[in-house]
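Trainee: show me how the following folds:
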Amino acid sequence: MHKALDSNEIEQLRQFRFATKLESSELSIELNRLKDETELLRYLENFGPHIGSPNLKVTSSVFIKRYAFLAVIYFHAFTTWNKKLDVSFDNLILQTKNEEGNWLPTFYFKDMGVIEVTEDRSSRRDEVLKKLFSDNIHILINLLSKVTKQSKRILWENISIYIFWLYETVLSNSDDAQLRNRAKEDFNYIVHEAPGSLFGDHTTNPLKSFYRNKRYLQHLQEEVRVRNTCCLSYLLMGRKKYCKSCPLICNKK
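Mentor: Model prediction:
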């Protein structure tokens with residue numbers, strides 16, 4: 001059944017970079033344009049200097065790391081309210097303000113309508129995953145890897161860490177016990193049980209290999225899930241620091 005997000009739901013999604021109005025800038029773009037290799041490369045070449053990136057490989061990694069918030073928006077709506085947003089390329093505009101430094105894009109949905117997924121939820125969950133991963137993220141990651149020669153493994157891990165964060169930090173702390181249980185079930189399926197076919201042309205689930213037990217790191221005095229790959233953000237001009245879960249640092253401690 002098609003419905004609209006209510007005002008409270010929209011307000012909750014805004015914290016995950018869900019845009020409620022169009023804001024034009026040189027770095028705002030209709031997402032379907034990025035399915036063209038020439039357009040994608042042109043966008044990355046324009047975007048790179050904006051964030052102080054030294055090369056296309058770093059640019060593509062930072063880009064997909066920010067793009068991962070589309071998955072956060074999408075799965076938050078699905079798990080919390082049983083609502084599926086339209087994340088097709090034709091329905092999305094990636095936009096950003098004309099600000100230097102840390103690039104934090106927002107996602108504008110031309111059609112903010114949703115489909116309720118309340119009946120036969122478990123079987124329809126496959127459709128939910130396929131729409132995001134096979135029909136969107138998989139396509140974009142393949143294109144980014146092709147035009148920048150960046151490892152797909154790095155790009156997929158950049159997506160995975162924010163899905164882990166959503167379910168383990170945001171939804172697991174809900175006051176609603178029913179939501180916590182549903183989040184636990186969805187997370188387990190998305191990361192551990194979903195077949196590779198829902199993620200594109202994968203034979204195995206590309207998220208599963210990035211999920212590992214957290215370990216206590218003395219220099220941080222907290223438990224951290226150390227990444228398998230480095231996202232290369234430390235190479236951005238002016239950053240001069242590593243992510244706290246970076247394997248380049250954590251595996252030396």
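Trainee: which stretches of the stretch 51-200 of the chain form helices?
Mentor: In the stretch 51-200 of the chain, the helices defined using DSSP state H, counting those that start in this stretch lie at 56-67, 69-81, 121-132, 138-148, 152-165, 177-188.
Trainee: out of those helices, which comes closest to residue 218?
Mentor: helix 152-165 (21.9 Å; Cβ to Cβ). C-betas here are computed from N, CA, C, even on glycine.
Trainee: okay, buried residues for that closest one please.
Mentor: Neighbour-count burial for helix 152-165 flags 152, 154, 155, 156, 157, 158, 159, 160, 161, 162, 163, 164 (criterion: 16 or more other Cβ atoms under 10 Å).
Trainee: skipping its backbone neighbours, what lies nearest the most centrally placed residue in the chain in space?
Mentor: When Cα atoms, centre = their mean is applied to the chain, the residue found nearest the centroid is residue 68 (1.4 Å). Excluding the flanking residues, the one nearest residue 68 by Cβ to Cβ, 6 or more residues apart in numbering is residue 162, at 4.0 Å.
Trainee: quick check: the one you found touching residue 66?
Mentor: No. Applying Cβ atoms under 8 Å as the test, residue 162 and residue 66 come out as separate, 9.5 Å apart.
Trainee: before we move on, back to that, and the residue nearest to residue 68, what does it touch?
Mentor: 65, 68, 69, 71, 72 (Cβ atoms under 8 Å, 6 or more residues apart in numbering).
Trainee: how about 10 Å then?
Mentor: Residues near residue 162 by Cβ atoms under 10 Å, 6 or more residues apart in numbering: 16, 65, 66, 67, 68, 69, 70, 71, 72, 75.
Trainee: hang on, isn't the last one packed against residue 132?
Mentor: Yes. Checked against Cβ atoms under 10 Å, the pair residue 75 and residue 132 is within contact range at 7.8 Å.
Trainee: joint contacts of those two?
Mentor: Joint contacts of residue 75 and residue 132 (Cβ under 10 Å, 6+ apart) are 85, 190.
Trainee: and the residue nearest to residue 196 when sequence neighbours are not counted, helix, strand or coil?
Mentor: Excluding the flanking residues, the one nearest residue 196 by Cβ to Cβ, 6+ apart is residue 202, at 3.5 Å. Assigned state for residue 202: coil (three-state reduction, DSSP: H, G, I helix; E, B strand; the rest coil).
Trainee: can you get me a residue count around residue 202?
Mentor: Residue 202 has 17 neighbouring residues, counting by other Cβ atoms under 10 Å.
Trainee: next one: the one 5 residues further on
Mentor: Here the count is done by other Cβ under 10 Å, and residue 207 has 22 residues near it.
Trainee: just for this structure, where's the confidence low?
Mentor: Applying pLDDT under 70 to the chain flags residues 1-2, 98-101, 253.
Trainee: for residue 83, give me its contacts.
Mentor: Neighbouring residues of residue 83 by Cβ under 10 Å, 6+ apart: 3-5, 9, 74, 76-77, 113-118, 128.
Trainee: nope, residue 217 is what I meant
Mentor: Counting by Cβ under 10 Å, 6+ apart, residue 217 has contacts 223, 224, 226, 244, 245, 249, 250, 253.
Trainee: repeat that for residue 152.
Mentor: Neighbours of residue 152 in contact, by Cβ under 10 Å, 6+ apart: 64, 138, 141, 142, 144, 145, 146, 202, 206.
Trainee: I'd say the third one and residue 65 touch.
Mentor: No. In this structure, residue 141 is not within contact of residue 65 by Cβ under 10 Å, at 11.8 Å.
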